[in-house]
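A.B. asks: model this:
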Amino acid sequence: MSDDDKLSGTVVALGLLTQVQLDECLSEQADIARAGLTTVPLSEVFIAHGYVTREQIADLLKGAPGSPRAPAVPPPNRANTEPDFEGTLVGIPPPRREDPDATLVPRQPDPVVHLDSVTGMPPEAAAAAAEPMNNFVHYVLVTMVGRGSLGKVWKAWDTQNKRWTALKLLKDTSKSPDVLNLLEEARRASRIDHPNIARVYEAGTREGGKFDIQHYIAMEFVDGRTLEAARDTQMTTKKAAEVIRDVARALDAAHADGLLHRDLKPHNIILRSSDGAVRVTDFGLARLVDLDPMASAELSRTGRIIGTPAYMPPEQAVGRTHDFSARSDVYSIGATLYFLLTGKPPFEGKSHFEICFKVVREDLVPPTHHDPKIPPDLERIVLRAMAKDPVRRYDTARAVADDLERFVKGNAIVSDDELRFTQGLAALGTGRLEEAVHMFRELMLLETGRGALGAIVAGRDAVMQKLNEGEAGMNLAIERQQKNYNIRTQRGIIRFGRAIMSSFEKVDPKEDCKKALDDFDQAVQLTPESVNARVNRANLLLFTGRFARDKGKDISPIFKMAIDELAQAIKFDESYSAAFHNRGIVHFYMGMEIARAKGDPKEHFFQAIDDFSVAAHLEPTYAYVFKDLGVVKVALAKYLLARGERPKDLLEQSVEHLTRAIKLQSRLQGAYFERGMAFFALKRFEEAIADWMRCIDLDPSKRKQVEPYLAEARAKLTARRQAQ
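C.D. replies: Model (predicted):
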């Protein structure tokens, strides 16, 4: 079997290309052959379109699946016994590129350098080389072009390779883990070859004795202007979109190689003077920044952050390192586009701490507030990319690039419904069971229709088809790599999603739950200290327990198993907010069961409040944890009210939590319902009525449940007014 046959037989099954994309590539290959040019391997056509990298082609031909949409970094505590599977989050094929012209521009050749016939160097380098202090390893230091927290950057001539180089000499001359890790990151970045990424040539250390240690990183020298400087030229919105599109493509290529940038900002993006080409610099070189020692507990839990506060995502600002992912860089892409459109960073302050606090706590001022002429679709791209909750962002840098390409071409960008499917699976994958259930329910209830990508994006059948396609891709991958944590976990997530969809139609999801549980069990066996698989295993128990409860079965043994599983997950990672959140949900359900049996639920309610509070501290941008914190306090207050107590403080706290949830997620109908209950108990009837009406607006199926409360609130409000 030829290489072309091998590739065409696997790329669609693995979700690397859609069938339409494969057909287009085969047609293009045939056109080249008919033109009598040359025989072009199919792999070269794939690479030219940016669908895969050369490394992934090599892996495919060796039998190791790969994908250009790989998770940017592995989940924490993972120890695969086989090479990582570089698949999408759940093996779903990437969306079809609607524009055949949306391909990568080849790397343009470097400007010609005129060398002196005697010295073999440019005249300015030859002059600098005459001074011994300018000679460093095989580089000649010519001009210092930058100075920063890491050290100095020199324009240097590489005498071995005959090229100009940006040579970064690090300030820290120790051999600390931070410095060694930074050098290793730079070496990893050196394998990326992309037309929009400034190449890293080498990273090393010159040692001339115990006290003469100098670490250095040699990078491509780009003669041009940073985006900070280019913004002063009144860049058009279309040009801004084109620039950030190329930046997003660059980051997508890096993510495919498992490398995050972590410090993307206008200063790290250069427009080359010779041709205006985009170059992203400083991959993997984000420094560690000490926080203000007076920072709040929320921001000082780790004592330091990575990146530049004004352009970093909330999960980075609070130091949740296990949450760093491609979505973290997506936020920074959006923040950089925000700067190009408005001339201002998204958040400003007098200190790192103040900016970090705003990144986490304050709403983003929409770009059109600064410039009403900014096109609505471009603003939507910015707001999606910069969502405080990572799950609500674009799932990949490629998705950002594709939407920007549509905008540049004058086409419609993807709809919110088209994003919801991947967001739902992402929520499930990160342990957010409640949010995933809500997203899948919304998708099922939406009217079936086609989106900007041409695919059916909503409705029960469309969602089930996508899940089935994803499982098929994972099945093929598992045949090749039996002992891979990622693949097992991803297939379990897909099966879990299908179980959720079945439950909406009152179909027993037992079969899919068993299959998903088997995947998570095997993932835990592969990596006993894994947190993701344990949390998902507990979520399956929680999900099946709720289904069994609705059928009148005793669910206490199932919930006890879930609590034990979540306790193990917390043991391995005390910063994993979903584990605390879900354990709180289990305690809440157990408390409600005890209350129905006329017992005292306070112990479980208090344990739920403790767990929700920890989760809210760890993940202050997650709406559902604040909603559940408000829900449990409302339930506890109702229990105390029934016993003659007056828990006004508890009710006011619940209003505060639920208001925070609504601020973070304005369409969270459950938060409106529960806040209405709290307002009613506080005798704030007008506010209760407004919240319950909003609840019905968001979910008309709740009308029957809500109307009795509405009627009672209106009656009490009328009586009060008459009494006045």
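A.B. asks: and the strands in the protein, which stretches?
C.D. replies: Secondary structure of the chain by DSSP state E: the strands cover 135-136, 139-147, 151-158, 163-170, 200-207, 213-220, 224-226, 269-272, 278-280, 288-290, 304-306.
A.B. asks: the second one vs strand 213-220, what angle?
C.D. replies: When you say that, I think you mean strand 139-147. Counting by axes from the mean of the first three to the mean of the last three C-alpha atoms, to 10 degrees, strand 139-147 points 80 degrees away from the direction of strand 213-220.
A.B. asks: next, the buried residues of strand 139-147.
C.D. replies: Buried residues in strand 139-147, defined by neighbour count with 16 or more other C-beta atoms under 10 Å: 139, 140, 141, 142. Glycine gets a C-beta too; all of them are placed from N, C-alpha and C.
A.B. asks: which one of the residues you listed sits closest to residue 556?
C.D. replies: residue 139 (69.3 Å; C-beta to C-beta).
A.B. asks: got the contact list for the closest one?
C.D. replies: 154, 156, 157, 158, 159, 165, 167, 218 (C-beta atoms under 8 Å, 6 or more residues apart in numbering).
A.B. asks: again, only using 6 Å
C.D. replies: Applying C-beta atoms under 6 Å, 6 or more residues apart in numbering, one finds that residue 139 lies in contact with 156, 158, 167.
A.B. asks: I'd say residue 196 and residue 248 touch.
C.D. replies: No: the pair residue 196 / residue 248 is not scored as a contact, 9.2 Å apart, by C-beta atoms under 6 Å.
A.B. asks: quick one: which of those two has more around it?
C.D. replies: residue 248 (32 against 22; other C-beta atoms under 10 Å).
A.B. asks: measure the more buried one to residue 429 for me?
C.D. replies: Using C-beta to C-beta, to the nearest Å, residue 248 is found at 22 Å from residue 429.
A.B. asks: got the strands of the chain as CSV, with mean pLDDT and distance to residue 262 columns?
C.D. replies: Shown next, in CSV, are these (pLDDT from 0 to 100; distance: least, C-beta to C-beta, whole Å):
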stretch, mean pLDDT, distance to residue 262
strand 135-136, 95, 27
strand 139-147, 91, 19
strand 151-158, 93, 18
strand 163-170, 94, 16
strand 200-207, 92, 15
strand 213-220, 93, 15
strand 224-226, 91, 18
strand 269-272, 92, 14
strand 278-280, 94, 12
strand 288-290, 33, 10
strand 304-306, 46, 5
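A.B. asks: and the pLDDT at residue 438?
C.D. replies: On the pLDDT scale, residue 438 is placed at 88.
A.B. asks: residue 445 now?
C.D. replies: 74.
A.B. asks: swap in residue 641?
C.D. replies: At residue 641, pLDDT is 94.
A.B. asks: the one 4 residues further on too?
C.D. replies: Here, the pLDDT recorded for residue 645 equals 93.
A.B. asks: list the buried residues of stretch 663-670.
C.D. replies: For stretch 663-670, a neighbour-count test (16+ other C-beta under 10 Å) marks 664, 665, 668, 669, 670 as buried.
A.B. asks: those: which two are farthest apart?
C.D. replies: 664 and 669 (14.0 Å).
A.B. asks: re earlier: in ChimeraX, how would I select the buried members of the contacts of residue 139?
C.D. replies: With 16+ other C-beta under 10 Å as the criterion, this ChimeraX line picks the buried residues out of these:
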select :156,158,167
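A.B. asks: with distance to residue 618 as extra columns, can I get the contacts of residue 139 in TSV?
C.D. replies: Converted to TSV, those look like this (distance: C-beta to C-beta, whole Å):
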residue	distance to residue 618
156	44
158	46
167	41
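A.B. asks: any idea which of the contacts of residue 139 is closest to residue 578?
C.D. replies: residue 167 (43.8 Å).
A.B. asks: for the closest one, give its distance to residue 672.
C.D. replies: Between residue 167 and residue 672 the computed distance is 58 Å (C-beta to C-beta).
A.B. asks: which residues in the stretch 201-350 of the chain form helices?
C.D. replies: Here the stretch 201-350 of the chain has its helices, by DSSP state H, counting those that start in this stretch, at 227-230, 237-256, 297-300, 314-317, 326-342.
A.B. asks: as CSV, the ones you listed with distance to residue 489 would be great.
C.D. replies: As requested, the helices of the stretch 201-350 of the chain are exported to CSV (distance: least, C-beta to C-beta, whole Å):
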stretch, distance to residue 489
helix 227-230, 38
helix 237-256, 18
helix 297-300, 29
helix 314-317, 20
helix 326-342, 17
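A.B. asks: mean pLDDT lowest where, among these?
C.D. replies: Taking mean pLDDT as the measure, helix 297-300 is lowest among the helices of the stretch 201-350 of the chain, coming in at a mean of 34.
A.B. asks: hang on, isn't residue 194 packed against residue 248?
C.D. replies: No: counting by C-beta under 6 Å, residue 194 stays clear of residue 248, with 11.7 Å between them.
A.B. asks: number of nearby residues for residue 573?
C.D. replies: Using other C-beta under 10 Å as the criterion, residue 573 is surrounded by 18 other residues.
A.B. asks: before we move on, what about the one 4 residues further on?
C.D. replies: Residue 577 sits with 25 neighbouring residues when counted by other C-beta under 10 Å.
A.B. asks: cool, and residue 191?
C.D. replies: By other C-beta under 10 Å, 12 other residues sit near residue 191.
A.B. asks: now do the closest residue to it other than its chain neighbours against residue 7, distance only.
C.D. replies: Leaving aside its sequence neighbours, residue 191 sits nearest to residue 257 (C-beta to C-beta, 6 or more residues apart in numbering; 6.5 Å). For residue 257, the distance to residue 7 equals 20 Å [C-beta to C-beta].
A.B. asks: also residue 162?
C.D. replies: Counting by C-beta to C-beta, the gap from residue 162 to residue 7 is 37 Å.
A.B. asks: those two: who's more crowded?
C.D. replies: Counted by other C-beta under 10 Å, residue 162 and residue 7 do not tie: residue 7 has more neighbours, with 22 against 12.
A.B. asks: which residues sit in contact with that one?
C.D. replies: residue 42.
A.B. asks: and it, how far is that from residue 44?
C.D. replies: In terms of C-beta to C-beta, residue 7 sits 11 Å off from residue 44.
A.B. asks: could you do residue 402 as well?
C.D. replies: Distance from residue 402 to residue 44, by C-beta to C-beta: 22 Å.
A.B. asks: looking at those two now, which is surrounded by more residues?
C.D. replies: Taking neighbours as other C-beta under 10 Å, residue 402 and residue 44 compare with residue 402 leading, 27 against 14.
A.B. asks: tell me the confidence at the more buried one?
C.D. replies: Reported pLDDT for residue 402: 94.
A.B. asks: spatially central residue for this protein, please.
C.D. replies: For the chain, the residue sitting closest to the mean C-alpha position, by C-alpha atoms, centre = their mean, is residue 327 at 2.2 Å.
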